Every structure is written in structure tokens, then in C-alpha cells.
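K.L.:
Below are the sequence and a predicted model for it; my questions follow.
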Amino acid sequence: MDIALTILFYILYLTAGVLALLRWAHNLQLNSYQNRSQWRRFRQAPEKLFCLLPLLPASVFSCLPFTWAKIVTLVFLGISCLTLKPMKAKKPLVFTARVKRLLAVAAGLMAILAFGGWFLPVSAVGGLLLSPLVMLFANLLCAPMEKAVRNWYINDAKRILNACPELLILGVTGSYGKTSVKSYLGSLLNAGFDTLITPESFNTPMGVVRTVRENLRSTHEIFVCEMGARHVGDIKELCDLVHPRHGVITAVGNQHLESFRTKENIRKTKYELADALPPEGKLFVNGDCPAIRENPPARPYLTYGLSHGCDYRAVDVELTLSGTSFTVEFPDGTCQSYRMPLIGEHSVVNVTGAIAVCHAFGIHPSALVPAMRKLKSVPHRMELLPGPITYIDDAYNSNPAGCKAALDTLARFDACKILVTPGMVELGSAWAEENKAFGKHAAAVCDLCVLVGERQAEPIKKGLLEAGYPEERIAVVSTLQEGLSRVNSFYSEKKKVVLLENDLPDNY
């Protein structure tokens, strides 16, 4: 019997160890392999570590020499395997070469802990409790090797770019709107140029490197490079990689305030693109953004937007459920009317920015009319999903300005207006205040507010109630699926239009 118990112990012990390492590697990948971000998530949501709790009694009972204690240990190890098993994820763990190296180092560290556990007066099972710290330490040990690998790929991308001296490179950054502007540029610039854009949200150095190495051809005339940032210096690093000749700054706002710490750091980082452009380069900025108007870049620039005084101004905006029509006034005094299948005033602003770039690059405004009719929504960014219930999918990475713009768009519809949201994240100390303001704004627009997640819902609900919103029309649910069920069951004589505002990643 002892042999059978020992074999079963090793099977469960190894299974729990593997599952634990896979879980923490997944979390680390979602946190961009940043130990600081991983540790911050654990502090903000310690319940993420509750999956390790069954290992506590397993560790204690495994120290006892009795047969019944071994059986109890096996029971708790089995429970640990169940609590550590992979959950259904929106973005599953991707077994990249980096993840494989990380797991190999972490497994080696766990083996050392297990080996030491047999000879020290502690239980080997107790080493599993340290698996989150082991993964962080493994990430530190891998850092020099990962830096060397990263530098090799970066240098190879630079070599490819240097071989294309005529390639016109346009950098696009901003607290929000950059992915949309980049996507619209990809569609509109093709009216006159062979254009490459960074796909999806490939806006990190390695995402840009991958785009260059895998997709850049000698026939490309323009490369539109989206530039994301979470820390001061991130945009400069990307500019040093691709050396943009022209640039677009879509907005300066509170996005990623948690990692930037201050609004001034955000502004300085976005303006790193302006600082990197050559003197003859053109810079386009969102003239509707208050932060840009108050502290503009220290170099010549062109503005776009809806506001008076913008060099490229959109006027006569008409929004419907089927799309938007508007007219753009150009710096030379000419005008051109457009129709596009996108909704929302901020979509008009972003498209006007793309039109401004195309015009400055020599494409006649009328040449863009056919392409404008074919523009597609960027997935999960004010994406209109018609049906018996019309959904506006704005689930990608919300921010205060974006939430306000989405609610303003929802308010335009003569329908039963429903909001489904977990609120905003990555706002640091401004998290509660901004979500409370979000709730107050929603109170003036929505017929039903479905809030996803108890903790996340608290400041939004407070804002709703302070604005006098009826509590019976506030639903707090645990999951998005439960929230959609509440939407389906809500009675309304009017057609329902549902705004899906933000969808938290798996590390929240």
C-alpha cells in the first residue's frame, strides 16, 4: 500500500507543480513579462492566489509519518490539481520560445526546492506554495538571455529597414485612438500607395520587429507603425528602431496612468514621437484633445478634429445606426463630403486624422470617397453588430474619454439604451474617481446598467446612485455571460441597443 501511495503522491505532486507553473507563466505573459505588473496584480487581487490554499494542509500533513496522513495529503494534492487547472481564458497561454525557456528555468528552480525539501525540516510540498515567486525569480534569471535574443531580432529588423531607404515611415501614437487611426490609414493610403501597417495591436518593439521581419517587402512605399507605451521612454525606443519621418498623435489622456504615475509622464512619452521627427517631417495632432491644446508639441504641427480652428475640420456630422456622413474642410479652403459605415463622433475624428495624412501625402480628397464607403470598424472598437438586439462592441481597453464618447454615441439612438461594463482599469489612484464619473454620465443616458464584477462595479454604482439613477435598473453580475442574460430578459417596447464597454483581460 505504501508503494501505491508513494506513486500516487508523485503523480499528484508533479501535476500540481506543472499546473502551477503554467498558471503563473500565463499571468506573466498577460502582464507583458513585467515582474512589477505581475506583483501589482497579486497585491490588487490576492484572491488570485487562493488556488494555492489546498497546498497548505497538504504541506502540513505530508510531514507526518502516518498512513492516514499520507492519504489526507493525497486528497489535498488532488484538490490542488483541480484549483490550479487552466481556466477558460479570453487569451490563452501562447507557448512561444520565450515561454518555453521561462518554464524550463522555473521547473529547474522548483526541482531544487523539491530536492531541498526532502533533506531540510520542511515539506517538499511546501515548495509548491512558492511557485508564484519562483516564476518571478525565473523571469529575472532569464532576463539577460531574453535581452540578447531581443537585440538580435531588433538588429535584424533594423538591417531590413536600412535596406529600404525610400520607405516612408509614419508613426502613430496616443492614449487612445491610435489603433483605429492606423487601421483607417491602411485602408485609405492604399488609394495611392502600397502600404504596410502593423497588424492588430502589434505596437510594442517586438511586435514592430515581427511585422518588419515577416511582412515588409521591397515594393512597400509607406509603413504605418503603431506605437504603444506604458512607461516613459517606450515611444523613444520605438522611434530609435524605425526612425519615423512623419507622425500622428491621436490623444493624450489618462490611459495606463497606473504605470505612468502622472499625466505629465503620459504627455512627455507621447511627445517623444514629435521629438524624433526630422525638421521636414509632418506631425498631425488631434485638435479636439484638451491636453494637446493646453500643452502642444514644441514643433510645427497640423491639427484635425471637429473644433473650430482645426486645419482639417469635420463638419455637418450626421450619425445613424447604419453609418455616418460628414464633410471635411481642408486647409486650402476646399471641402469634400464623405459617407462611411462607422458610428460615433470620435470615429469621425479618427477618420479625419487619416484623411489629413492622405491629403498631405498627395492623395486628392475625392479619391478617398470609394474607400471611405468600404471602411470597416476595428474589432471591439465601436463595432456595430446589428441584429434583433443591436450591439455596439467597444470592449477593447476603455479609457475616460473613450467611455464618454461611447455613451454620447449611445445617447443618439431612439431605442432602449443598455450599458454592459466592468468599468475602467489601469487608472492608478484615479480609478475610483474616473469610474464614479463614468457612472454619473451613464445615468443620464441608459435605461439599464449591467455592471460586471462586484469590486469593479462599486464606484460605477456609486456614481449612478448619486446621479439619482433608480437602483432597480442597476444589475451587478459576476460574468459577461450573466450580464447578457440580464439584457435578454429586460423588457422593453423599443428596440434594444447595447453598449459593451470594456472587457477585462484574464489577469484582472
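P.N.:
Cool, the structure landed. Residues are numbered from 1 along each chain as shown.

K.L.:
next one: the strand or helix carrying Leu319 to chain centre, how far?
P.N.:
Per DSSP states H and E: Leu319 is located in strand 312-320. Its chain's C-alpha centre and that of strand 312-320 lie 28 Å apart, by Cα atoms, centre = their mean, to the nearest Å.

K.L.:
Also stretch 232-247?
P.N.:
Worked out by Cα atoms, centre = their mean, stretch 232-247 lies 20 Å from the chain centre.

K.L.:
which other residues reach it?
P.N.:
154, 157-158, 161, 168-173, 203, 205, 208-209, 212, 223, 225, 227-229, 260, 265, 268-270, 272-278, 281-284, 357, 360 (Cβ atoms under 8 Å, 6 or more residues apart in numbering). C-betas here are computed from N, CA, C, even on glycine.

K.L.:
Just the buried residues out of the residues you listed, in ChimeraX syntax.
P.N.:
For the buried members of those, the matching ChimeraX selection, counting by 16 or more other Cβ atoms under 10 Å, is:
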select :154,157,158,161,168,169,170,171,172,173,203,205,208,209,212,223,225,227,228,229,260,265,268,269,270,272,273,274,276,277,281,282,283,284,357
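
K.L.:
Can you list the helices and strands that the strand or helix carrying Arg455 packs against?
P.N.:
Applying DSSP H and E as the criterion places Arg455 in helix 454-466. Packing partners of helix 454-466 (3 or more Cβ pairs under 8 Å, 6 or more residues apart in numbering; DSSP states H and E): helix 431-443, strand 448-452, strand 474-477.

K.L.:
Next step: the contacts of stretch 232-247 restricted to helices.
P.N.:
Among the contacts of stretch 232-247, the members found in helices (DSSP state H) are 154, 157-158, 161, 205, 208-209, 212, 260, 265, 268-270, 272-276, 357, 360.

K.L.:
Could you chop this structure up by domain?
P.N.:
Domain ranges of the chain: 2-146, 164-373, 383-501, per automatic domain parsing.

K.L.:
got the helices and strands packed on helix 454-466 as JSON lines, with distance to Lys462 and mean neighbour count columns?
P.N.:
Listed next are the helices and strands packed on helix 454-466 as JSON lines, based on distance: least, Cβ to Cβ, whole Å; neighbours: other Cβ atoms under 10 Å:
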{"stretch": "helix 431-443", "distance to Lys462": "6", "mean neighbour count": "21"}
{"stretch": "strand 448-452", "distance to Lys462": "11", "mean neighbour count": "24"}
{"stretch": "strand 474-477", "distance to Lys462": "11", "mean neighbour count": "19"}
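
K.L.:
Indicate which one of the ones you listed is closest to Arg40.
P.N.:
Among the helices and strands packed on helix 454-466, the nearest to Arg40 by Cβ to Cβ is helix 431-443 (12.5 Å).

K.L.:
Give the rounded mean pLDDT of that closest one.
P.N.:
Average pLDDT, helix 431-443: 89.

K.L.:
angle of it against helix 454-466?
P.N.:
Going by axes from the mean of the first three to the mean of the last three Cα atoms, to 10 degrees, helix 431-443 is angled at 50 degrees with respect to helix 454-466.

K.L.:
now could you export just the CA positions of helix 431-443 as PDB?
P.N.:
Taking Å, rounded to 0.1, in the frame of the first residue of the first chain, the C-alpha atoms of helix 431-443 are listed here in PDB:
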ATOM      1  CA  TRP A 431      -9.600  54.500 -10.700                       C
ATOM      2  CA  ALA A 432     -12.500  55.100  -8.300                       C
ATOM      3  CA  GLU A 433     -12.900  58.800  -9.300                       C
ATOM      4  CA  GLU A 434     -13.000  58.100 -13.000                       C
ATOM      5  CA  ASN A 435     -15.400  55.100 -12.700                       C
ATOM      6  CA  LYS A 436     -17.700  57.100 -10.500                       C
ATOM      7  CA  ALA A 437     -17.800  59.900 -13.100                       C
ATOM      8  CA  PHE A 438     -18.500  57.200 -15.700                       C
ATOM      9  CA  GLY A 439     -21.500  56.100 -13.600                       C
ATOM     10  CA  LYS A 440     -22.800  59.600 -13.400                       C
ATOM     11  CA  HIS A 441     -22.600  60.000 -17.200                       C
ATOM     12  CA  ALA A 442     -24.300  56.700 -17.800                       C
ATOM     13  CA  ALA A 443     -27.100  57.700 -15.500                       C
END
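
K.L.:
That one packs against which elements?
P.N.:
Judged by 3+ Cβ pairs under 8 Å, 6+ apart, helix 431-443 is in contact with helix 400-411, strand 448-452, helix 454-466.

K.L.:
So what touches that helix?
P.N.:
254, 258, 400, 403-404, 407, 419, 421, 423-425, 427, 449, 456, 458-469.

K.L.:
Quick check: Met366 touching Gln336?
P.N.:
That one is not Met; residue 366 is Ser. Yes. At 6.1 Å, Ser366 counts as touching Gln336 under the criterion of Cβ atoms under 8 Å.

K.L.:
between those two, which one's more packed in?
P.N.:
Shown here are Ser366 and Gln336; by other Cβ atoms under 10 Å, Gln336 has more neighbours (18 against 11).

K.L.:
hang on, the more buried one in a strand?
P.N.:
Yes. Read with DSSP: H, G, I helix; E, B strand; the rest coil, Gln336 is one of the residues of a strand.

K.L.:
Return the set of residues that bridge with it.
P.N.:
Val328 (DSSP bridges).

K.L.:
how about it, what does it touch?
P.N.:
Neighbours of Gln336 in contact, by Cβ under 8 Å, 6+ apart: 327-328, 330, 365-366, 368-369.

K.L.:
Is it possible to mark the buried ones in those residues?
P.N.:
Listed as buried from those are 328, 365, 368; burial here means 16+ other Cβ under 10 Å.

K.L.:
ok, now which ones touch the second one?
P.N.:
Meaning Pro365. Contacts for Pro365 were tallied using Cβ under 8 Å, 6+ apart; they are 328, 330, 334, 336, 355, 359.

K.L.:
Closest one of these to Leu28?
P.N.:
Leu28 has its nearest neighbour among the contacts of Pro365 in Ile355, at 40.9 Å by Cβ to Cβ.

K.L.:
neighbours around that closest one, how many?
P.N.:
Around Ile355 there are 24 other residues, counting by other Cβ under 10 Å.
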